[in-house]
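Asks: below are the sequence and a predicted model; questions follow.
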There are 2 protein chains.
Amino acid sequence: MKPYNVVINFESGTLDPGKRIIRKVSDVKNMFYDTQAAEELIQKGDPMVYEVIYADVPEEQGHLGHCTTIIYPGKIGNEYFLTKGHYHEKLSTAEIYFCLRGQGRLIMESTDGDCEVLEMFPGSASYIPPNWSHRTMNVGKELLVFYCIFPADAGHDYATIEEQGYPKLVVEIDGKVTVIDNPKRKNK
Amino acid sequence: MKPYNVVINFESGTLDPGKRIIRKVSDVKNMFYDTQAAEELIQKGDPMVYEVIYADVPEEQGHLGHCTTIIYPGKIGNEYFLTKGHYHEKLSTAEIYFCLRGQGRLIMESTDGDCEVLEMFPGSASYIPPNWSHRTMNVGKELLVFYCIFPADAGHDYATIEEQGYPKLVVEIDGKVTVIDNPKRKNK
Ligand SMILES: [Mn+2]
Ligand SMILES: [Mn+2]
C-alpha cells in the first residue's frame, strides 16, 4: 500500500476523496427522547442530521481509520441533533475527535457505567479511551465539524446504545445547553 | 482512565496540556547533507529547528499517541529544516499527519525501498501506511504545523534514518522546492 493524501475542508467538513454516509431523522429517530417530535420532523421532509465521510483504509490492526463527521444544527423536541453513538466491537480501542468548526458535546459511557461529557470547539482534541462508547451532538447554530481517528480494526457496535441510550441527555432549556438525567434510561 | 480534552492552537501549534520536546540544529545536524553549514549555524546560536508537543497517553496497544509538530522556517545550505525521521519500532503501525498551517513535504521510505514525497498544506491529511519511515520538512516562509496520530505502542526507531538517510533530498534550487537524489545515500 502506498502513502496518500486526503484533503479536509475546515469549513464544510468534506474529506476528499472519501465515501459519504448520510443520516436523516428517519435513520436516527430511535436515538431521541421525543419520538413523536421525530416522527413529525420525518413527515415534514426528513431532514439530514449528520454525514460521515470515510477515507479508504484497510480494516486491519496497525492501520488507522479516519473520517470527518458533519452534524447539522437542529433539535428534536429540546434535544440537539446527535449521532447514533457506538461502542467499538473491539472494546480495547481508543479514538480521537478533533473539532474543526462549531460547538458540540461528546457524551461517553464506560463499560463500568461511568458517564462523562466533554465540550467540543475548534481546536479541541478529545481522547476517548478504550472501553468508552461515544456520541456527539451539535449544540450550536452552525455546522459541527470534527475529524475522527481510530484503530482501523475497531469495528462498530451501534445496537447497545440504540437499546439502552445514555444515562444523560443534552438538551436546550431556557436557551442554554443543559445536561439532564435520561428518564428513559433502563438500568443495566 | 477517563476521557480528556487537549486544546490545539491552529496558528502556533501548541497542544495544551502537553509535554514539549525541542530540537535545535545541534540535535539534528547529522540529518543534513551540508554538515559544514550545520556547524556554522550551531556557532551562530544553534537555532530551534522544530518542536514536538505530546499529549499524555499510555504507550499500550489500542491507545492512540498524539502530538503536534511545529517546524520553523529555515534552511541548512539549500536543504529545508526537517525532522529527524524514523521508522516505528513496531513496523506494522500506520500514522496520520494532519496539516494545520504552512507548506511542507513529507518524505517516506518503505522497508521494500520505495520512496514517496507528499505535499503538506492546511487541510492535507497524509496517510503513512505500516512499514514506511517518515520525515517532514518546512518548505515555506512561516511555521509548518501538523497534528500526528499513531498507535500508542508504535515506538520510534531513529537510528536507521540517522545512518542511511533518505534516497531523496528536498532542497531549494532557484527559489523552488526541488526533489533531488541524495548523493550521500549508501546502498542498502
Ligand atoms: Mn468510534
Ligand atoms: Mn511516527
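Replies: Looks like it arrived, so ask away. Ligands and ions are numbered 1, 2, ... in the order given.
Asks: for the nearest residue to A:Gly18 once chain neighbours are set aside, give me the pLDDT.
Replies: If you skip the residues right next to it in sequence, A:Gly18 has A:Ile53 as its closest partner in space, 4.0 Å away by C-beta to C-beta, 6 or more residues apart in numbering or on different chains. Just so you know, the C-beta spots here come from the backbone N, C-alpha and C atoms, and that holds for glycine as well. Reading off the confidence values, A:Ile53 has pLDDT 98.
Asks: contact partners for A:Ile53?
Replies: A:Ile53 sits next to A:Gly13, A:Thr14, A:Leu15, A:Gly18, A:Lys19, A:Arg20, A:Ile21, A:Cys67, A:Thr68, A:Thr69, A:Ile70 when contact means C-beta atoms under 8 Å, 6 or more residues apart in numbering or on different chains.
Asks: can I have the buried ones of those residues as a PyMOL selection?
Replies: Applied in PyMOL, the following selects the buried portion of these according to 16 or more other C-beta atoms under 10 Å in any protein chain shown:
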select buried, chain A and resi 13+14+15+18+67+68+69+70
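Asks: from the contacts of A:Ile53, which is closest to chain B?
Replies: In terms of C-beta to the nearest C-beta, no member of the contacts of A:Ile53 lies closer to chain B than A:Leu15, at 7.5 Å.
Asks: so who does the nearest residue to A:Ile173 once chain neighbours are set aside touch?
Replies: Counting by C-beta to C-beta, 6+ apart, A:Asn78 is the residue found nearest to A:Ile173 once chain neighbours are left out, at 6.8 Å. For A:Asn78, the contacting residues are A:Asp34, A:Val171, A:Glu172, A:Ile173, by C-beta under 8 Å, 6+ apart.
Asks: out of these, who has the most neighbours?
Replies: Highest neighbour count within the contacts of A:Asn78: A:Val171, with 20 neighbours (other C-beta atoms under 10 Å in any protein chain shown).
Asks: would you confirm that that one contacts A:Leu82?
Replies: No - applying C-beta atoms under 8 Å as the test, A:Val171 and A:Leu82 come out as separate, 10.7 Å apart.
Asks: the residue lying closest to A:Glu59 once chain neighbours are set aside: how many residues sit nearby?
Replies: The spatial neighbour of A:Glu59 that comes closest, neighbours along the chain excluded (C-beta to C-beta, 6+ apart), is A:Ala152 at 5.1 Å. Other residues near A:Ala152 number 19, with proximity taken as other C-beta under 10 Å.
Asks: which ones are touching A:Ala152?
Replies: A:Ala152 makes contacts with A:Val57, A:Pro58, A:Glu59, A:Glu60, A:Gln61, A:Gly62, A:His63, A:Leu64, A:Gly65, B:Ala94, as judged by C-beta under 8 Å, 6+ apart.
Asks: what helix or strand is A:Val6 located in?
Replies: Using DSSP states H and E, A:Val6 sits within strand A:4-8.
Asks: strand partners of that strand, parallel vs antiparallel please.
Replies: For strand A:4-8, sheet partners with direction are given as strand A:15-16 (antiparallel), strand B:124-128 (antiparallel), following DSSP bridges.
Asks: who's in contact with the shortest one?
Replies: Meaning strand A:15-16. Contacts of strand A:15-16 with the rest of the structure, by C-beta under 8 Å, 6+ apart, involve A:Val6, A:Val7, A:Ile8, A:Asn9, A:Ile53, A:Tyr54, A:Ala55, A:His66, A:Cys67, A:Thr68, A:Tyr147, B:Ala125.
Asks: residues near the second one, how many?
Replies: By other C-beta under 10 Å, the residues close to A:Val7 number 15.
Asks: beta partners of it?
Replies: The residues that A:Val7 bridges to, once DSSP bridges is applied, are A:Asp16, B:Ser124.
Asks: just checking, it touches B:Gly123?
Replies: Yes - A:Val7 lies in contact with B:Gly123 (C-beta under 8 Å); the separation is 5.3 Å.
Asks: could you list the low-pLDDT ranges of chain A?
Replies: Under the criterion of pLDDT under 70, the regions of chain A flagged as low confidence span A:187-188.
Asks: scan it for its longest helix.
Replies: Identified as the longest helix of chain A according to DSSP state H is helix A:35-43.
Asks: put the alpha carbons of it into PDB.
Replies: Extracted as PDB, the C-alpha positions of helix A:35-43 are listed here (Å, rounded to 0.1, in the frame of the first residue of the first chain):
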ATOM      1  CA  THR A  35     -40.000  10.100  19.400                       C
ATOM      2  CA  GLN A  36     -43.200  12.000  18.500                       C
ATOM      3  CA  ALA A  37     -41.300  15.100  17.600                       C
ATOM      4  CA  ALA A  38     -39.000  12.900  15.500                       C
ATOM      5  CA  GLU A  39     -42.000  11.400  13.600                       C
ATOM      6  CA  GLU A  40     -43.300  14.900  12.900                       C
ATOM      7  CA  LEU A  41     -40.000  16.000  11.500                       C
ATOM      8  CA  ILE A  42     -39.900  12.900   9.300                       C
ATOM      9  CA  GLN A  43     -43.300  13.900   7.900                       C
END
